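Asker: the following block contains a protein sequence and its predicted model.
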Amino acid sequence: MTNTLDADLGLICLLDEETKELELKAVDDRLGVFGRVESIAWHKVAEQAVALDDVALLEAGPALHDKEIHHLLAGPLTVAGERLGALLLARTGAPFVLADQELLRAVVSQADSAVVHARTFRRLQWRNKELETIYRVDNIRDQGLEFNAMLNAVLNELCSVIEAEMGFIMLFDETGRELELKASTSDDIYRVAEHYHLIKMAANEALQRAGMVDKMGLSPFIRSLICVPLILRDQVIGVFGAVNRHGAGGFNAEDKRLLMAITSQVDTAIFESLEKRRIRTTFRRFVGPAVMERMLNMPAHDFFKVDRLLLTVLFSDMRGFTTIAERTAPEVIVETLNQHLTATTEVVLAHEGTLDKFVGDEVMAVFGAPVPMPDHALRAVKTALEMQRVHGDLLARWATEGRQGAPIGIGINTGEMVVGNIGCELQADYTVIGDAVNLASRLCGIAKEGQILISEATYQLVRDHVLVNKLPPVQVKGRIEPVQIYEVLDLQHGKSDVR
């Protein structure tokens, strides 16, 4: 149009789709007149052009006349009543005539639809870029990388897609109070204290806003910075940040839009890895590999929530071991104890029980948590029978070695108990507490050598599967009424369940 209408200057201005701010998109400056005038004057003329309802001549105004730009012709770009922008032509010599207006009118009638098509195509490009990036992030997550390696790979992918010179990921520490740097594409910005302070300040601002923060010119080193909080299920887990876009200027609207679209995938990748790492760290001492895999594959399950559940708890204790320890060499006692605890722990884990704790030679195990199991009582009884068998094998071996051993007594009870990660900020363990737990401990205390005692509650759940000897009710500490107990003899093999 600039050439056809012999104009000295041609401009295309478009309104940003989201901010609606007027942006200069194309310039054809044949005589270098554009640079003679301050940008604010051009912006004012462009605003007038966008506000037009039809192609028209505009008044140049003093700022343009002073630079010998006397004639303006403008056409608004509109589609279905939506203003998209304007096409503006300028001359220093002869004025525009009616034929020029008619020609421009014909052009803008086609140009406005071209702008719409271009925007649609660009949106498709954005969406493809989003999907491609999300696909690559998913691939990174699925590679099974070590946590920090996964973070760095995700970070490099994000920095690449928005063309950032540097990037970082900060996550909350275990207390949930302080941000810690977990991944960075460069060490430079963290070696200088003032830069780290500026970055952390922007990160905290993003957390307070629960939204994106965009900063320009924080320091000569940090020309531009964007921070996005990483939020999953209404829980803020950290911040992603990018520093200095390649080339001039800061991060543009497309960068921000793209970043907001893909960080939800990063949230998921980080959160899942964090959660899985936390589960592994917390429960690796308590459960076996099979239970651990089931825990990691259970979607959106809060294993750390303290809850009240119907569970079965088992206590095992070596009878008279303290007396034996007093007259045996320490290294022999330690070896004996380690062999006993190893063997009994293997039995607990083999039956998918949860090893709660060791208290000296006492073993405490829980069945039915953290992974629910409908047959928790029967598993506990089977575990007790197997524990007696393997400990019997140990006693026989120790006897051949001239080493003194002690038989074990076992107590089992089923009931409602509080279960969860219980403790303080410095030390917390996954455990169970409650009256039902105390009763199991009391039964263990009165069990004789080689005996397995179960409560009435446990018996009612396993009666169709075990052979028992019904014993007279006993008085236990903490109970007013005597409690009915049963001695487990074996699993049923077509015999009566009570002797």
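Answerer: Done, it's in.

Asker: does Leu225 touch Arg245 like I think?
Answerer: No: taking CB atoms under 8 Å as the contact criterion, Leu225 and Arg245 are not neighbours in contact, 9.8 Å apart. (Glycine included, C-beta is placed from N, CA and C.)

Asker: looking at these two, which has the bigger crowd around it?
Answerer: When neighbours are counted by other CB atoms under 10 Å, Leu225 comes out ahead of the other of Leu225 and Arg245, with 26 against 19.

Asker: next, the distance between the ends of stretch 451-462.
Answerer: The first and final residues of stretch 451-462 sit 17 Å from each other (CA to CA, to the nearest Å).

Asker: next, the buried residues of it.
Answerer: Counting neighbours by 16 or more other CB atoms under 10 Å, one finds that the buried residues in stretch 451-462 are Gln451, Ile452, Leu453, Ile454, Ser455, Ala457, Thr458, Tyr459, Leu461, Val462.

Asker: of the residues you listed, just say which sits nearest to Leu378.
Answerer: Minimum separation from Leu378 among the buried residues of stretch 451-462 (CB to CB) is found for Val462, which lies at 5.0 Å.

Asker: tell me the domain ranges of this structure?
Answerer: When the chain is parsed with automatic domain parsing, its domains come out as 9-122, 143-280, 289-491.

Asker: so which of these is nearest Glu132?
Answerer: Set against Glu132 and scored by CB to CB, the domains of the chain come closest in domain 143-280, at 8.4 Å.

Asker: kindly provide the distance from Leu394 to Glu346.
Answerer: Counting by CB to CB, to the nearest Å, the gap between Leu394 and Glu346 amounts to 12 Å.

Asker: start and end of stretch 59-75, how far apart?
Answerer: Between the start and the finish of stretch 59-75 there is a gap of 14 Å, counting by CA to CA.

Asker: so what touches it?
Answerer: 5, 7-9, 33, 36-38, 41, 44-45, 48-49, 52, 54-58, 86-96, 100-101, 104-105, 107-108 (CB atoms under 8 Å, 6 or more residues apart in numbering).

Asker: ok so, going back, can I get the domains of the chain in a markdown table with mean pLDDT?
Answerer: Supplementary listing: the domains of the chain in a markdown table, determined by pLDDT from 0 to 100:
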| stretch | mean pLDDT |
| --- | --- |
| domain 9-122 | 87 |
| domain 143-280 | 76 |
| domain 289-491 | 87 |
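
Asker: ok so, going back, quick one, which of the contacts of stretch 59-75 are buried?
Answerer: In terms of neighbour count (16+ other CB under 10 Å), the buried residues within those are 5, 7-9, 33, 37, 41, 45, 48-49, 55-56, 58, 86-91, 96, 100-101, 104, 107-108.

Asker: which residues of the stretch 351-499 of the chain fall in helices?
Answerer: Ranges of helices in the stretch 351-499 of the chain, per DSSP state H, counting those that start in this stretch, are 376-400, 435-446, 456-462.

Asker: out of those helices, flag the one nearest Gly249.
Answerer: Ranked by CB to CB, the member of those that lies closest to Gly249 is helix 376-400, at 62.8 Å.

Asker: check which helices and strands that closest one sits against.
Answerer: Based on contacts counted as 3 or more CB pairs under 8 Å, 6 or more residues apart in numbering; DSSP states H and E, the elements that helix 376-400 packs against are strand 307-318, helix 330-350, strand 362-367, strand 408-423, strand 452-455, helix 456-462, strand 483-491.

Asker: sec struct for Gly211, please.
Answerer: Assigned with DSSP: H, G, I helix; E, B strand; the rest coil, Gly211 falls in the coil class.

Asker: which one is Asn204 nearest to, not counting chain neighbours?
Answerer: Closest residue in space to Asn204, ignoring its immediate chain neighbours: Leu179 at 7.3 Å, by CB to CB, 6 or more residues apart in numbering.

Asker: that neighbour: neighbouring residues, count only.
Answerer: Burial measure for Leu179: 16 neighbouring residues, criterion other CB under 10 Å.

Asker: what sits against it?
Answerer: Applying CB under 8 Å, 6+ apart as the definition, the contact partners of Leu179 turn out to be Met170, Leu171, Phe172, Asp173, Lys200, Ala203, Asn204, Leu207, Gly238, Val239.

Asker: again, but for Glu38
Answerer: Ala63.

Asker: same question, Leu84
Answerer: By CB under 8 Å, 6+ apart, the neighbours of Leu84 are Leu14, Leu15, Leu77, Thr78, Asp112, Val115, Val116.

Asker: quick one: the strands in the stretch 101-250 of the chain?
Answerer: Read by DSSP state E, counting those that start in this stretch, the stretch 101-250 of the chain holds these strands, from start to end of the chain: 164-172, 179-184, 213-216, 224-232, 235-245.

Asker: out of the ones you listed, which comes closest to Met1?
Answerer: Nearest to Met1 among those is strand 235-245; the distance by CB to CB comes to 32.7 Å.

Asker: flag every buried residue along the closest one.
Answerer: Buried residues in strand 235-245, counted by 16+ other CB under 10 Å: Ile237, Gly238, Val239, Phe240, Gly241, Ala242, Val243, Asn244, Arg245.

Asker: what is the burial count for Glu416?
Answerer: Glu416 is flanked by 13 other residues according to other CB under 10 Å.

Asker: could you find the closest non-adjacent residue to Leu11?
Answerer: Counting by CB to CB, 6+ apart, Leu11 lies nearest to Leu88, which is 4.4 Å off, once chain neighbours are set aside.

Asker: how about Gly450, nearest residue that isn't a chain neighbour?
Answerer: The shortest distance from Gly450 to any residue other than its chain neighbours is 4.9 Å, reached at Pro407 (CB to CB, 6+ apart).

Asker: ok, the one you found - contacts?
Answerer: Counted by CB under 8 Å, 6+ apart, Pro407 has contacts Met318, Arg319, His391, Leu395, Glu449, Gly450.

Asker: for the residue of the chain positioned farthest from its centre, what are phi and psi?
Answerer: In terms of distance from the mean C-alpha position of the chain, Ala94 ranks first, at 65.9 Å (CA atoms, centre = their mean). Comment: the main-chain dihedrals of Ala94 come out as phi -70, psi 150, following degrees, to the nearest 10.

Asker: how near is Asn252 to Ile408?
Answerer: 71 Å.

Asker: of these two, which one has the most company?
Answerer: Of the pair Asn252 and Ile408, Ile408 is the one with more neighbours under other CB under 10 Å, namely 28 against 13.

Asker: OK, contacts around the more buried one?
Answerer: When contacts are counted by CB under 8 Å, 6+ apart, Ile408 is found next to Ser316, Asp317, Met318, Arg319, Thr344, Met387, Gln388, His391, Glu449, Gly450.

Asker: lovely, talk soon.
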